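Undergrad: Give me the fold of what follows.
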Amino acid sequence: MKNLPLLRAALGGGVLGTATLTKLVRGTNGAAPYRPAYHVSPPQGWMNDPNGLVYHNGTYHLFYQAGEELRRWDHATSQDCISWTHHGTKIPHTDTIQAFSGGAVVDTENTAGFGSESIVCFYTGHHSATGVEDQRMAYSTDGGDTVRKFADNPILSDGHDDWRDPNPFWYAPDDSWRMAIARVSANSADRPAGIEFYASDDCRDWRYLSTYESDGVPWECPDCYRLPVSDTEMDRWVITISSEFDHVEHHIGWFDGSTFTVEKTVPADFGWDFYAAQSWSNEPAVDDRLLVGWMNNWAYATETPPSGWRGVQSYPRRLTLTMTENGVVPEQTLDASFFNRRHHPLVEIENAPVTATTDPLADHQTIGVPYYEIVTEIDPGTADAVTIATRVDHGIGQETRIIYDCRQQQLTLDRSDAGVFFGDRPQTTTSHSLQPTADGTIRLRVLVDRSSITTIANGGEKWLSARLFPDETSTDTTVSATGGRAVLTECSVYSLHPVIEDGGVYRIENVNSGNVLDVRNGDTSDGAVVQQWEDLGYDHQRWIAHELSPDQFWFESVHSSKALDIDSGSVEAGAQTIQREYQGAASQQWLPQQIENGIYRVRNANSSLTLDITDAARSNGAPGMQWEWWGGDNQKWRFERIG
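TA: Here you go, the predicted model:
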């Protein structure tokens, strides 16, 4: 435990050292101000490319690049794309070879010989000393719990140092496998830069087919799949490609099992922070493709503010193909799981005029938390430009601006005043064209999280993703127009509740007092009282959530490894909270129920009574207890994830 003598002095009523201790602002995320509420981030350390995305037996598997210096595959799973459980490293690096990006499939027919329903992963072996890259395989026969490297790796090798990201897919017309690999730069006349295609009957032996050439442009992270064109009898093949190390493109065309022919290329995202996108294979949906990308940029990824972790994945989006007067185009929409995060509307406005001095959000500016969703329809009217400023704190001069230029029909994101880090970097602003819809309006959905913003224009026509690093006090939103009058024909702002995630480390804060659950005196023994105390950042004020079943958890003290419990397993109102070695007792199991935005009632599974503070006290040292629910703030709790 950190600084125990100092803590004991404070517990004894002394003030030794208190000048150096900063109490956390109520409702903030404390030591992890940029930890997202609803985007996937690593528990600690580094995260970049999503890898090996596969759906298997009701579970979404998200492997990802971990290790800032030496790359490996770490692993997370979810049943709903909302709550993710992290499982640690599954494909480690060795002293000489790193595990770079790749894809995965479910081998339902046991073509590779590892067993029916095996998850077969393909990754690039990057030789640290020489930079040479070869292609390798690993597999799991237990649903991803354990992953074994193939004994006869590598499965493909040609000595090149710029050849990576193998991603397999099933080719139904001849019942065999194909694999796309990025040859980022050419290494011979017959191996030009581009996306190479290979074929195999058994996932072990692969033969080269062709190259979809990039004309020298560096391409990475290919993902090839077939989709129907909505409301037609046609289909197309899509290769999602990461290009020039800073953006993603959807290449739409035809694939005959050997050669890809492109029809058109469309940007997947116009922001600076969407890269290495990959989609889930084996997912039940057949009319769309669910994909996710790394929300960062190689120009500054290693320089972003350190918080003990770095890296965020985008929220999953679904890609469909639609026939328009301009031919087949991709449309990307939020996965439906997102809407399960909505809590209640904080703002609802219709037909409100907007000018330079008239802000219809003026009476609703304070959202109160740094994660929410804005859904709006804007009639530009006579205005030259309309600006939505979000993550605003005018007291410290912070805001992130979304500007629609009505004359140029262009949408711009400006993060020059969005907090620390950005400001004078070339990636501070980004824009895309945006024509009004048939009725003359523009429609925007804006996803705001602690350290990111995503705009979705005109129902999924264009996306823009960006990282931000504002203060947590920056929670206001404003709207203004210049050069004339615009109208907010519709505008809703929704609170989005973060979920309690298995394996997450939390400070559990009482709404009434602003204090946190704390083990008295930092004791590690069974029976020690669990009380409230101002947050001093100690391990005995931190709790690990362990999910037992949907919405049911036990909470482990980081310091003692003991469980939050009720004294003697009592079912009586007033029984105190203690810590005790976890034995699976019902009194050690808790059911957090979100009742307001980010605020929970926490019921004990044994007694059905609610976690409370004795006498609704606000003072340090007041014991926790259980009591009948009556809705007081002393019975309400915030779970702020810090690890």
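Undergrad: May I have the secondary structure class of Tyr38?
TA: coil (DSSP: H, G, I helix; E, B strand; the rest coil).
Undergrad: Counting neighbours, what do you get for it?
TA: 20 (other Cβ atoms under 10 Å). Just so you know, the C-beta spots here come from the backbone N, C-alpha and C atoms, and that holds for glycine as well.
Undergrad: how close does it get to Ser452?
TA: 10 Å (Cβ to Cβ, to the nearest Å).
Undergrad: now Thr358
TA: 30 Å.
Undergrad: Which one of the two is surrounded by more residues?
TA: For Thr358 versus Ser452, the count of surrounding residues by other Cβ under 10 Å is larger for Ser452: 24 against 14.
Undergrad: Please give me every residue in contact with that one.
TA: Applying Cβ atoms under 8 Å, 6 or more residues apart in numbering, we find Ser452 in contact with Pro36, His39, Asp273, Met295, Val312, Ser465, Ala466, Arg467, Leu468.
Undergrad: so which of these comes closest to Met323?
TA: Taking Cβ to Cβ as the measure, Ser465 is the one of these closest to Met323, at 26.4 Å.
Undergrad: beta partners for that closest one?
TA: For Ser465, the beta-bridge partners are Thr454 (DSSP bridges).
Undergrad: Just the local confidence number for it, please.
TA: With respect to pLDDT, Ser465 scores 98.
Undergrad: so what's it up against?
TA: Ser465 touches Asp269, Gly271, Trp272, Asp273, Phe274, Gly293, Met295, Ser314, Ser452, Ile453, Thr454, counting by Cβ under 8 Å, 6+ apart.
Undergrad: hmm, 7 Å instead?
TA: Asp269, Gly271, Asp273, Phe274, Met295, Ser314, Thr454 (Cβ atoms under 7 Å, 6 or more residues apart in numbering).
Undergrad: do you know how far it is from Thr455?
TA: In terms of Cβ to Cβ, Ser465 sits 8 Å off from Thr455.
Undergrad: One more: Asp202?
TA: From Asp202 to Thr455 the distance is 45 Å (Cβ to Cβ).
Undergrad: Would you mind telling me which of those two has the busier surroundings?
TA: Counted by other Cβ under 10 Å, Asp202 and Thr455 do not tie: Thr455 has more neighbours, with 24 against 13.
Undergrad: neighbours of the nearest residue to Pro33 once chain neighbours are set aside, just the number please.
TA: In space, and not counting its chain neighbours, Pro33 is closest to Glu472: 5.2 Å by Cβ to Cβ, 6 or more residues apart in numbering. Glu472 has 19 neighbours, counted by other Cβ under 10 Å.
Undergrad: for Val420, same thing?
TA: When counting by other Cβ under 10 Å, one arrives at 13 neighbours for Val420.
Undergrad: show me what contacts it?
TA: Listed by Cβ under 7 Å, 6+ apart, the contact set of Val420 reads Pro305, Phe469.
Undergrad: Quick check: it vs Asp471, distance?
TA: 8 Å.
Undergrad: before we move on, what about Ala336?
TA: The value you get for Ala336 to Asp471, if Cβ to Cβ is used, is 32 Å.
Undergrad: cool, Asp107 as well?
TA: Counting by Cβ to Cβ - Asp107 and Asp471 are separated by 49 Å.
Undergrad: who has more neighbours, the two?
TA: Shown here are Asp107 and Asp471; by other Cβ under 10 Å, Asp107 has more neighbours (23 against 17).
Undergrad: Which per-residue confidence value corresponds to that one?
TA: pLDDT at Asp107 comes out at 98.
Undergrad: so it sits right up against Phe122, yeah?
TA: No. Asp107 is not in contact with Phe122 according to Cβ atoms under 7 Å; the separation is 11.6 Å.
Undergrad: buried stuff in stretch 623-642?
TA: Within stretch 623-642, the residues that count as buried by 16 or more other Cβ atoms under 10 Å are 623-627, 634-642.
Undergrad: what do you get for stretch 265-276?
TA: Buried-residue list, stretch 265-276, by 16+ other Cβ under 10 Å: Pro267, Ala268, Asp269, Phe270, Gly271, Trp272, Asp273, Phe274, Tyr275, Ala276.
Undergrad: picking up where we left off before, thinking the residue nearest to Pro33 is in contact with Pro370, fair?
TA: Yes. Using Cβ under 7 Å, Glu472 is in contact with Pro370, at 5.4 Å.
Undergrad: What segments of the stretch 251-400 of the chain are helices?
TA: Here the stretch 251-400 of the chain has no helices by DSSP state H, counting those that start in this stretch.
Undergrad: related to what we said a few turns ago, quick check: the two most widely separated of the buried residues of stretch 623-642?
TA: Farthest pair in these, by Cβ to Cβ: Trp627 and Ile642, 27.3 Å.
Undergrad: wait, what's in contact with Gly381?
TA: Going by Cβ under 7 Å, 6+ apart, Gly381 touches Gly484, Arg485, Ala486, Val487.
Undergrad: Regarding it, what are the backbone dihedral angles?
TA: The phi/psi pair for Gly381 (degrees, to the nearest 10) reads phi 60, psi -130.
Undergrad: Just give the closest residue to it, not the sequence neighbours.
TA: The shortest distance from Gly381 to any residue other than its chain neighbours is 4.6 Å, reached at Ala486 (Cβ to Cβ, 6+ apart).
Undergrad: quick one: the one you found from Phe169, how far?
TA: For Ala486, the distance to Phe169 - Cβ to Cβ - is 46 Å.
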